[in-house]
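K.L.:
Model the following, please.
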Amino acid sequence: MSNSNLSPNVFTLRQSEFRAIPGSPWVYWVSREIRGVFLKSVSLEFYVKPRQGLATGENFRFLRYFWEMPLENQIDEKPEKLSQINSFIPYMKGGGLNKWFGNQWFVVNWKNDGKEIKNFYAPNGRLASRPQNVNYYFREGITWSLVSTTRFGVRYLPPGFIFDVGGSCGFPDKELLFSVMAVMNSPWMNYALRLLNPTINFQIGDIARVPFHVPDATSRSSFDQLVPQCIHLQQAESMHSETTFDFIAPFSWQYGNDLCRLSSQRLAELEEKINHLVYELYDLGAEDRQAIESELAVIHNMPEEGESVKAEEEEGDLTEGEDNGGRALDWLSYAIGIILGRFQPGTSGALGSAIYRRTDFAIGSLPEPSEEEFNELVGEPSQFATIDEQGGRHIFSREVEAALQALAVPDGITVFDPNHPRDLPTLVSKALELMLGQAQAQEVIQQAAGGDLRKYLEKDFFTQHHIKQYRKRPVYWPIQSAKRSYGFVLFHEKIDRNTFYALQQEPYLPTKRRAVQLRLEELGKKVLTVQGAARKPIEKEMDELRQLAEELAQFAKDLEAITRGGYEPEPDWIDDGVILRMAPLWSVIPLWKSEPKKYWEELAAGKYDWSHIAMHYWPERVKQACKKNKSYAIAHGHEEWYEGG
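P.N.:
Numbering: from 1, shown residues only. Just a heads-up that it's a prediction; the model follows:
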């Protein structure tokens, strides 16, 4: 301890005092009161019960982003028995620091009780996968990430998830769930972790050794009221992001900025109350509180270390824009999703429903928000077009919902052609006008697309936004001619064995080619009737049309080669994931050719013989592989092909 007769920077301690903190770290400046907390408390491990979960052995094979799979292929509630599962399951896997709620992006192949994973062996004959603590799968709990080197925080783990091997999940008793979350998201927790491990990486053992005080009934009641409100605020933010399970709609164009600001203020107020209660729980006085927050202020201003390299599945920023420029892009993307049938405004429970319900916040132990809290989360009732009989707040009127649903294309096929009824830019513009009105729709187009919606959708929307936002697993696929003079946008979930035949039939490519030819013939006659300078614009247009005709002819050959080569997706292809399903199409994706082409070459080389696509294109090779690989045989539904070895 510091001695009053010595300089404030000089500390004197007995050697035994260092042992008060597990591991005896060299933290000589810590007060007697804080050392006493470690001496008198039970470790957090006893209450959190941290567990390690599933190690798939090959995440590329077994994990998918949730948007790669139709929601009906995913189970979000625990079945009575694991053996009943024959689908993909929500999977909790890491991610960046995100307190209270979030980072719910993945699903895992747990078909047939995970049989494919459980029989996945490495080339050396050892079991590569490791399902652990299966009895904790689907339980409600807490989860955290260890990727941050200067900050720590936990998130609510809803029931219905399988969790990752990283050991970053805990399962407190239900009555202590919100109290544990309060402590683990507090400055005290961050400070205690720095004492236990002053290096740059938090370890699960450090977290387990943090002391925990069990709150009395009064404190517990306070935590049980405050923590769900924090979670609800983060849930509400998640509902505005189209890359989440629970997406409702983008932030309101009219009220979104105010709602974001008020929500941030409200969260800060709640966290301040929680932090105060945690300090009281640990009997930490003003001097210790000031010391904790001063030290954390310095640490939190330090740059993160060791995070420049991340796994591919954790790259990119999935958050939506918070300023009007980003929000314009959110609304534009939402309109595209409506047209292509991904989002269904007016359909309760559907992705992008544009309906807020109090019951949507009541997950597991989380209560429904009160009416007052609901107003803070989503906006006042007066800000909505209608309130339904169940209290659902609809962003759009019934008439607008019906009109938007009518704009959606049932087969997920749109085209870049201003003269076509399925022209994507035209349909997106109509959807924006229905949702926002003409003036605000034009404002969105100006801010998001620079005023030229067609040009933006033909290229920059995909290259600068969509492919990055969806982490190289895009849900909308741009199928275009070599110079992008003509093409389609397809919604990947709707692609079936007939889709690419349909593109080669009326009213698509043949119609466009005929229109070009008719225009050429018309101009050919017209050019004979004019002389001099009047001929030049006609001849220029004819040259452009000839080039377009050649480009379309090559596009027709490319599409024919794809179908002749066997691209007839079966329903089970979707299990293989977006990038493998795109791979055979690389020649007609000029915007992003290199990535699908790379995976096509790897497919051809036999790297993904577990996939249905590989079986379709190279059946004999895959059958031979199944003889030696039991997991492959199970994946293809023919375990009897496995011969051992």
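K.L.:
could you say which helix or strand contains residue 579?
P.N.:
In this structure, residue 579 sits in helix 578-582 according to DSSP states H and E.
K.L.:
do residue 352 as well
P.N.:
When elements are defined using DSSP H and E, residue 352 is found to belong to no helix and no strand.
K.L.:
wait, isn't it in contact with residue 336?
P.N.:
No: contact status for residue 352 versus residue 336: not in contact, 10.9 Å apart, counting by Cβ atoms under 8 Å. Quick note: C-beta positions are derived from backbone N, CA and C, even for glycine.
K.L.:
the more surrounded of these two?
P.N.:
Legend: neighbour count by other Cβ atoms under 10 Å for residue 352 and residue 336, higher for residue 336 (24 against 18).
K.L.:
residues contacting that one?
P.N.:
Each residue near residue 336 by Cβ atoms under 8 Å, 6 or more residues apart in numbering is listed here: 424, 428, 457, 461, 476, 489.
K.L.:
And for residue 526?
P.N.:
residue 538.
K.L.:
Three-state assignment for it, please.
P.N.:
Classification of residue 526 by DSSP: H, G, I helix; E, B strand; the rest coil places it in helix.
K.L.:
Buried residues in stretch 121-137, which are they?
P.N.:
By neighbour count, with 16 or more other Cβ atoms under 10 Å as the criterion, the buried positions of stretch 121-137 are 128-129, 131, 133, 136-137.
K.L.:
How far does it sit from its chain's centre?
P.N.:
A distance of 26 Å separates the C-alpha centroid of stretch 121-137 from that of its chain, computed with Cα atoms, centre = their mean, to the nearest Å.
K.L.:
where's residue 546, which helix or strand?
P.N.:
Under the assignment here (DSSP H and E), residue 546 is part of helix 535-564.
K.L.:
Could you do residue 273 as well?
P.N.:
With the criterion set as DSSP H and E, the secondary-structure element containing residue 273 is helix 256-281.
K.L.:
my guess is residue 331 contacts residue 445, does it?
P.N.:
No: under the criterion of Cβ under 8 Å, residue 331 makes no contact with residue 445, lying 9.6 Å away.
K.L.:
Mutual contacts of the two, please.
P.N.:
In contact with both residue 331 and residue 445: residue 432, using Cβ under 8 Å, 6+ apart.
K.L.:
Could you list the domains of this protein?
P.N.:
Using automatic domain parsing, the domain ranges for the chain come out as 50-171, 570-645.
K.L.:
Quick one, which of these gets closest to residue 285.
P.N.:
Put simply, out of the domains of the chain the one that sits nearest residue 285 is domain 50-171, at 23.2 Å, with distance taken as Cβ to Cβ.
K.L.:
Now do that closest one, average pLDDT.
P.N.:
Model confidence over domain 50-171 averages 85 on the pLDDT scale.
K.L.:
Just give me the neighbour total for residue 364.
P.N.:
Each residue near residue 364 was counted by other Cβ under 10 Å, and the total is 14.
K.L.:
which residue packs closest to it, ignoring adjacent ones?
P.N.:
In this structure, residue 364 finds its nearest non-sequential neighbour in residue 140, 4.3 Å apart by Cβ to Cβ, 6 or more residues apart in numbering.
K.L.:
OK, contacts around that neighbour?
P.N.:
Applying Cβ under 8 Å, 6+ apart to residue 140 gives the contacts 157-159, 171, 174, 177, 364-365.
K.L.:
Just give me the neighbour total for the closest residue to residue 460 other than its chain neighbours.
P.N.:
The shortest distance from residue 460 to any residue that is not its chain neighbour, by Cβ to Cβ, 6+ apart, is 7.8 Å, and that residue is residue 449. The criterion is other Cβ under 10 Å. On that basis, residue 449 has 20 neighbouring residues.
K.L.:
Renumber starting at 41 from here on
P.N.:
Fine by me, first position is 41 from now on; the one you just mentioned is residue 489.
K.L.:
I'd guessed residue 489 sits against residue 372; true?
P.N.:
Yes: under the criterion of Cβ under 8 Å, residue 489 is in contact with residue 372, at a separation of 6.9 Å.
K.L.:
Overlap in contacts, those two.
P.N.:
In the contact map built from Cβ under 8 Å, 6+ apart, the residues linked to both residue 489 and residue 372 are residue 501.
K.L.:
Okay, residue 94 and residue 247: tell me how far apart.
P.N.:
If you measure residue 94 against residue 247 using Cβ to Cβ, to the nearest Å, the figure is 20 Å.
K.L.:
typed the wrong thing, it's residue 641
P.N.:
The gap separating residue 641 from residue 247 is 43 Å, by Cβ to Cβ.
K.L.:
correct me, but residue 628 touches residue 601?
P.N.:
No: when contacts are counted by Cβ under 8 Å, residue 628 is not listed as touching residue 601 (9.3 Å).
K.L.:
the more surrounded of the two?
P.N.:
residue 628 (23 against 12).
K.L.:
Tell me, how many residues neighbour residue 416?
P.N.:
Summarising burial for residue 416: neighbours were counted as other Cβ under 10 Å, giving 18.
K.L.:
Chain neighbours aside, what residue packs nearest to residue 375?
P.N.:
Counting by Cβ to Cβ, 6+ apart, residue 375 lies nearest to residue 471, which is 4.1 Å off, once chain neighbours are set aside.
K.L.:
who's in contact with that neighbour?
P.N.:
Contacts for residue 471 were tallied using Cβ under 8 Å, 6+ apart; they are 375, 378-379, 444, 447.
K.L.:
measure stretch 135-150 end to end?
P.N.:
Stretch 135-150 has an end-to-end distance of 21 Å (criterion: Cα to Cα, to the nearest Å).
K.L.:
Could you list the buried residues of that stretch?
P.N.:
Residues 135-150 are the ones in stretch 135-150 that count as buried (16+ other Cβ under 10 Å).
K.L.:
Let me see the ranges of the helices in the stretch 191-340 of the chain.
P.N.:
Along the stretch 191-340 of the chain, the segments classed as helices by DSSP state H, counting those that start in this stretch run 217-224, 227-236, 244-249, 257-278, 296-321, 326-340.
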